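*Asks:* the sequence isn't on hand, but the structure is:
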Ligand SMILES: C[S@@+](CC[C@H](N)C(=O)[O-])C[C@H]1O[C@@H](n2cnc3c(N)ncnc32)[C@H](O)[C@@H]1O
């Protein structure tokens, strides 16, 4: 796994740029948010933490079904965007704050449920991050981890991660589903329920989501076309220069922390 300072200025600057791109695109992923919420067995009395909350899409899905949601993200701009989105919605039980998963500013056992969607592949030390999530959840308590997973084959996974990193320099490493299960087990999180599914992505839209400039766009497309030609990933890449599509695989795990 590539080591990097996850709170470095360059990472924050890139994440802030991505927040701007997101603000323009208003991507909601409502279906994925709903599936995650339904899997979590949320109760109306639950106090919830959403870590690496981004612009708050998942937090807004959870809020009507629980007592309170706190969203935390390392990027000031993501948090500003999330806070801006609460204005005029009438949603009063959600708030957002800047913070890193490595040092969450909450006492132990503060939340009934903790969520982390599309965060793990950004974290320099996913195990340390999971231990922070475990620290802040009330035991026994549920932690819901949702992320994209990569190939079970190390070489194919490496090519995939190279493409992801070319698109988004804040990407650290996408695990295979098996590695994800091993990581959760290593943190003594037992999986009570798991779902995986595939979703087709349009390359151009996927690049716009991170506000990629032409250089980054062209470089990543070259890598994608090369992977398609050589068949070196499990991404099921189809189409040509301007019509590239590929498949992402989601994995959502409802896990239980006992201690
Ligand atoms: C792909 S976005 C996912 C946002 C949101 N969870 C969602 O599903 O829409 C990844 C988020 O992780 C945040 N992030 C990256 N490293 C982080 C860290 N060390 N601590 C907290 N947030 C982090 C980024 O700022 C970004 O908003």
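*Replies:* Everything's here; your move. These figures come from a predicted structure and were not determined experimentally.
*Asks:* show me which residues of the protein sit near the ligand.
*Replies:* 6, 15, 52-54, 57-58, 73-75, 78, 100-102, 117-119, 122-123 (Cβ under 6 Å from any ligand atom). In this view, the C-beta of every residue, glycine as well, is placed from N, C-alpha and C.
*Asks:* doesn't residue 144 make contact with residue 256?
*Replies:* No. If you go by Cβ atoms under 8 Å, residue 256 and residue 144 don't touch, sitting 10.5 Å apart.
*Asks:* between these two, which one's more packed in?
*Replies:* Neighbour count, other Cβ atoms under 10 Å: between residue 256 and residue 144, residue 144 has more, with 25 against 16.
*Asks:* phi and psi next, for the more buried one.
*Replies:* phi -110, psi 120 (degrees, to the nearest 10).
*Asks:* pLDDT below threshold where in the stretch 1-150 of the chain?
*Replies:* 1-7, 20-30 (pLDDT under 70).
*Asks:* tell me which residue in it sits closest to the ligand.
*Replies:* Closest to the ligand within the stretch 1-150 of the chain is residue 54: 2.5 Å, counting by Cβ to the nearest ligand atom.
*Asks:* could you say which helix or strand contains residue 19?
*Replies:* helix 9-25 (DSSP states H and E).
*Asks:* which element, helix or strand, includes the residue of the stretch 1-150 of the chain closest to the ligand?
*Replies:* Using DSSP H and E, no helix or strand contains residue 54.
*Asks:* likewise residue 246?
*Replies:* Using DSSP H and E, residue 246 falls in strand 245-257.
*Asks:* show me what that strand is packed up against.
*Replies:* Applying 3 or more Cβ pairs under 8 Å, 6 or more residues apart in numbering; DSSP states H and E, we find strand 245-257 packed against helix 30-39, strand 137-149, helix 177-186, strand 189-202.
*Asks:* deepest of these, which one?
*Replies:* strand 137-149 (a mean of 20; mean count of other Cβ atoms under 10 Å).
*Asks:* ok, back up a step: buried among the residues of the chain next to the ligand? Need that as a selection in ChimeraX.
*Replies:* Filtering the residues of the chain next to the ligand down to the buried ones (16 or more other Cβ atoms under 10 Å) takes a single ChimeraX command:
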select :6,15,52,53,54,57,58,73,74,75,78,100,101,117,118,119,122,123
